[in-house]
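Novice: mind looking at a prediction? Sequence and model below.
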Amino acid sequence: MSAMSVLQLLVTSSLMYSTPLILTAIAGTFSERSGVVNIGLEGIMVMGAFASAVFNLQFYDTFGGMTPWVSMLFGGLIGLVFAVLHAVATVNLRADHVVVGTALNLLAPGLAVFLVRVFYGKAQTGPLAQSFGITSIPVLKDIPVIGEIFFTNVTPLGYIAIIIGLVSWVVLFKTPFGLRLRSVGEHPVASETVGINVYLYKYAGVLISGFLGGMGGAIQAQAISNEFGVLVISGQGFMAMAAMIFGKWNPIGVTFAAIFFGFAQSLSRVGHYIPVIQDVPVIFLQVLPYVLTIIILVAFIGKSEARFRTSICEE
Amino acid sequence: MIEVKSDSWLKKLSVPLLAVLFGFIVGAIIMLIFGYNPIDAYSHMILGVFQSPYSIGEALTQATLLILTGLAFDIANKAGFFNIGLSGQFLAGWLSAIAFALQFPDIPRIILTPLTLVVGMVAGGLYAGIAGFLRAYFEASEVIVTIMLNHTILQISNYLTNFVIGSSSRTEKISENASLGIQWLTDITRFSRLNAGLFIALIIVILYTLFMNKTIKGFEIKSVGLNPDASTYAGMSTKSTIILSMLISGGLAGLAGAINGVGTFGNLFVLGGLPAEGFNGIAVALLGLGNPFGIVLSALLFGVLQTGAPMMASRAGVPNEMAQIVIAMIVFFVGAYYLVEWIFEKVGHSRAQGPSSADVEGGVE
């Protein structure tokens, strides 16, 4: 394989694997910025993946080529509905965030596979009607070298996710809405005093998180797995949380961290096409994303972890 | 409903009881929505288990593992550490116990069986110890580290099972010398997989209770969990206490995995996902409210649910996963115990203790 096609392959597959992580990591950022630890992201991704897969199969005739996109939004919507459970429990009922998140992570695979069995009589949906394809991005693809590596035969989703990352940064740091959301997370009592509706903004944080996480799951199902089964989401929600911490709860940093994790994930899938890496036993590539997550948590993050802890230990 | 006088232990007890009730109610609502008969389903799931000695044996086999993983979660939780990596530690114990038993099939049973269990325990303990160490010295979130360790060991275990200690997706059965099987248990439960692990688990419950309540280390673990700063001030080492609790926690999960290996299955095979015993152990410990006796009761309940699920599927046509949904909802309602307090307030039987709806200030901090 030529160096060019290796680069192209790496970029394409890294982008593909990063996309769900970017969206879900930003999902986590919104929730934690509003002061709610959302460990249930994994479960939210499962629900999003499930909902999009079912919608994809069911409404292909109606939406045709647009099906994956509409299904993605539907997955986000179901993720949002699922996140309402988290919001009610943590905001209204003051439940322990980690316990409720864990309950949601237990619930989602059970519920999703239950429903898949009800609808299809088996534990997996089988191949979807239409998955996200790859395409070349007009104009940009004509840039010499860069165009060929980054914008030819790629999934446009990756770039959309990056744009969502940028928009999220603007929303969180440059709008009154973002300021209020962050203030509610950092000091709810002070926010209440200056007239901010604390419940409203906490709900906003958790529900945005549900929508983005659901979309992340939907992309995992429709762009990577091309079906829904219980194995479609295997740790991505937690990896996204690690990316969120690595990116220091800043949407732009979080986006780059998620791309890095996506790159690590993609290595185990495309590694056997790449010189040198193909000589590494496959088991090392398979555990790489997980081990790398731990190493990054330990080596680069250190004390910034404190933020995550304090918001858990509220009781 | 429930009569509550002012004693708070009764209210405390009502939290798990109501959580179980609500869990079943939510399950029933979901079944009604999709056109199943919940009463039919639940009666097959629960009563079905008690109709045959075999199912009772299987439920106890399952409960054995859940008692151990429940205690494993509990001890880490008491030290302020959320060990969501029980599944991985369980698998580490399972893997190493099987590998060890296959390696030394001819050691006499009296030595091999306990040694195999110890190997599983040590493997689980060390695996959890990684997370404990990283948390103590680098403040790395144990939640994320243990989840990543879960997926790592799953890949490693499947790889080894395929290519190193086994072939074509499974290992050989272990020798009779390593097995935890007991003939009379097998006989009275009509060939269920119930084994000596049950007695081991019950002995561990007693030891655990003594350890937590009668030893200095047990006290330190609880103390560090309640208030790390005060504990440090009082001269305890927070770091070593966290690591100790994590070693014990992983050791118990590893022991459960070893029992699952040499007791329940007798071999190891390629797993599609992480073993459910780990996550259900969290559910067991939370429902048991951190009380060893409560953990035993919850483990029995979940053992029955897990064993009954296939019967519910075959006889009432409701998918297996309903059991998981009920378990998850029970955890949800245990977490949202404030709901129960709120109900008590509305019912007006007693004054709520702890957070009352009057001091609303927006939740966190």
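Specialist: Thanks, I have it.

Novice: now the element after the longest helix anywhere in chain A, going C-ward?
Specialist: Secondary structure of chain A per DSSP state H: the longest helix is helix A:3-33. Next in sequence after helix A:3-33, counting helices and strands by DSSP states H and E, comes helix A:41-58.

Novice: can you pull the buried residues of that following helix?
Specialist: A:41-57 (16 or more other Cβ atoms under 10 Å in any protein chain shown). Heads up, the C-betas are built off the backbone N, CA and C, glycines and all.

Novice: just stretch B:313-323 next, same as before
Specialist: Buried, per 16+ other Cβ under 10 Å, within stretch B:313-323: B:Ala313, B:Ala316, B:Val318, B:Pro319, B:Asn320, B:Glu321, B:Met322, B:Ala323.

Novice: filter the residues you listed down to just the ones in strands.
Specialist: If you go by DSSP state E, those have nothing in strands.

Novice: now the two most distant members of the residues you listed.
Specialist: B:Ala316 and B:Glu321 (13.5 Å; Cβ to Cβ).

Novice: and stretch B:55-71, how far out from the chain middle?
Specialist: 9 Å (Cα atoms, centre = their mean, to the nearest Å).

Novice: hmm, that stretch touching chain A?
Specialist: No - shown here: stretch B:55-71 not in contact with chain A (Cβ under 8 Å from any Cβ of the partner chain), separated by at least 13.6 Å.

Novice: can I get that stretch in CSV, CA atoms only?
Specialist: Written as CSV, here are the backbone C-alpha positions of stretch B:55-71 (Å, rounded to 0.1, in the frame of the first residue of the first chain):
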residue,chain,number,x,y,z
SER,B,55,-34.1,-24.7,39.4
ILE,B,56,-33.7,-24.1,43.1
GLY,B,57,-30.2,-25.5,42.7
GLU,B,58,-29.5,-23.2,39.7
ALA,B,59,-30.9,-20.2,41.5
LEU,B,60,-28.6,-20.9,44.5
THR,B,61,-25.6,-21.3,42.1
GLN,B,62,-26.4,-17.9,40.7
ALA,B,63,-26.9,-16.4,44.2
THR,B,64,-23.5,-17.8,45.3
LEU,B,65,-21.8,-15.7,42.7
LEU,B,66,-24.0,-12.6,43.4
ILE,B,67,-23.3,-12.8,47.2
LEU,B,68,-19.6,-12.6,46.5
THR,B,69,-19.8,-9.9,43.9
GLY,B,70,-22.2,-8.0,46.1
LEU,B,71,-19.8,-8.1,49.0
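
Novice: check what contacts stretch B:238-251 and list those residues.
Specialist: Applying Cβ atoms under 8 Å, 6 or more residues apart in numbering or on different chains, the external contacts of stretch B:238-251 come out as B:72-73, B:75-76, B:78-81, B:83, B:85-86, B:89, B:92, B:121-122, B:124-129, B:131-133, B:135-137, B:142, B:217, B:220-221, B:224, B:228, B:231-232.

Novice: residues from the stretch 251-365 of chain B in reach of chain A?
Specialist: So the stretch 251-365 of chain B meets chain A at B:272-273, B:279, B:282-283, B:286, B:319-325, B:327-329, B:331-332, B:334-339, B:342, B:355, B:361-365 (Cβ under 8 Å from any Cβ).

Novice: among the contacts of stretch B:238-251, which ones are in helices?
Specialist: B:72-73, B:75-76, B:78, B:86, B:89, B:92, B:121-122, B:124-129, B:131-133, B:135-137, B:142, B:217, B:220-221, B:224, B:228, B:231-232.

Novice: tell me the buried residues within those.
Specialist: B:72-73, B:75-76, B:78, B:86, B:89, B:92, B:121-122, B:124-129, B:131-133, B:135-136, B:142, B:220-221, B:224, B:228, B:231.

Novice: drop anything exposed from the residues of the stretch 251-365 of chain B next to chain A.
Specialist: B:279, B:282-283, B:286, B:319-325, B:327-329, B:331-332, B:334-339, B:342, B:362-364.

Novice: need the residues of the stretch 1-150 of chain B near chain A, please.
Specialist: B:30, B:34, B:80, B:82, B:84, B:134, B:138-141, B:143-145, B:147-150.

Novice: filter those residues down to the buried ones.
Specialist: B:30, B:80, B:82, B:84, B:134, B:138-141, B:143-145, B:147-150.

Novice: and the furthest pair within those?
Specialist: Every pair of those checked by Cβ to Cβ; the farthest is B:Ile30 and B:Phe138, at 42.2 Å.

Novice: what residues are up against residue 12?
Specialist: All of this is about chain A. Counting by Cβ under 8 Å, 6+ apart, A:Thr12 has contacts A:Ile134, A:Asn153, A:Val154, A:Thr155.

Novice: you answered for a different chain; I wanted chain B.
Specialist: B:Lys12 sits in contact with B:Leu289, where contact means Cβ under 8 Å, 6+ apart.

Novice: how much space between it and chain A?
Specialist: Distance of B:Lys12 to chain A, given as Cβ to the nearest Cβ, to the nearest Å: 15 Å.

Novice: confidence score at that residue?
Specialist: The model reports B:Lys12 with a pLDDT of 76.

Novice: quick check: which element contains it?
Specialist: Short version, using DSSP H and E: B:Lys12 is in helix B:8-33.

Novice: show me which residues of that helix are buried.
Specialist: B:11, B:13-16, B:18-20, B:22-24, B:26-28, B:30-31.

Novice: repeat for stretch A:269-289
Specialist: A:Val270, A:Gly271, A:Ile274, A:Ile277, A:Ile283, A:Leu285, A:Gln286, A:Val287, A:Leu288, A:Pro289.

Novice: that older thread, which of the buried residues of stretch B:313-323 fall within helices?
Specialist: B:Ala313, B:Ala316, B:Met322, B:Ala323.

Novice: tell me the one of the residues you listed nearest B:Gly48?
Specialist: B:Ala316 (9.3 Å).

Novice: now that closest one. Nearest residue, chain neighbours left out?
Specialist: B:Ala41 (4.3 Å; Cβ to Cβ, 6 or more residues apart in numbering or on different chains).

Novice: now swap in B:Gly132 and tell me
Specialist: B:Gly132 sits nearest to B:Met246 (Cβ to Cβ, 6+ apart), 2.8 Å away.

Novice: and after the helix or strand harbouring B:Gly250, which helix or strand comes next?
Specialist: Using DSSP H and E, B:Gly250 maps to helix B:238-259. On the C-terminal side of helix B:238-259, the nearest following helix or strand under DSSP H and E is helix B:276-287.

Novice: distance to A:Val198 and pLDDT added to the buried residues of stretch B:313-323, as a markdown table?
Specialist: Converted to a markdown table, those look like this (distance: Cβ to Cβ, whole Å; pLDDT from 0 to 100):
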| residue | distance to A:Val198 | pLDDT |
| --- | --- | --- |
| B:Ala313 | 45 | 92 |
| B:Ala316 | 45 | 92 |
| B:Val318 | 41 | 94 |
| B:Pro319 | 40 | 94 |
| B:Asn320 | 41 | 90 |
| B:Glu321 | 37 | 93 |
| B:Met322 | 37 | 95 |
| B:Ala323 | 38 | 94 |
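
Novice: which stretches of chain B have low pLDDT?
Specialist: Within chain B, the segments meeting pLDDT under 70 span B:1-8, B:348-365.

Novice: helix or strand with the lowest mean pLDDT in chain A?
Specialist: Every helix and strand of chain A was ranked by mean pLDDT, DSSP states H and E. The lowest is helix A:305-312, at a mean of 41.

Novice: what segments of chain A are strands?
Specialist: Going by DSSP E, chain A shows no strands.

Novice: show me the helices in it, by range?
Specialist: A:3-33, A:41-58, A:60-63, A:67-87, A:97-120, A:146-150, A:156-174, A:176-186, A:188-193, A:198-219, A:236-246, A:251-270, A:282-296, A:305-312.

Novice: any idea how far the shortest one is from the middle of the chain?
Specialist: In terms of Cα atoms, centre = their mean, the centre of helix A:60-63 is found 26 Å from the chain centre.
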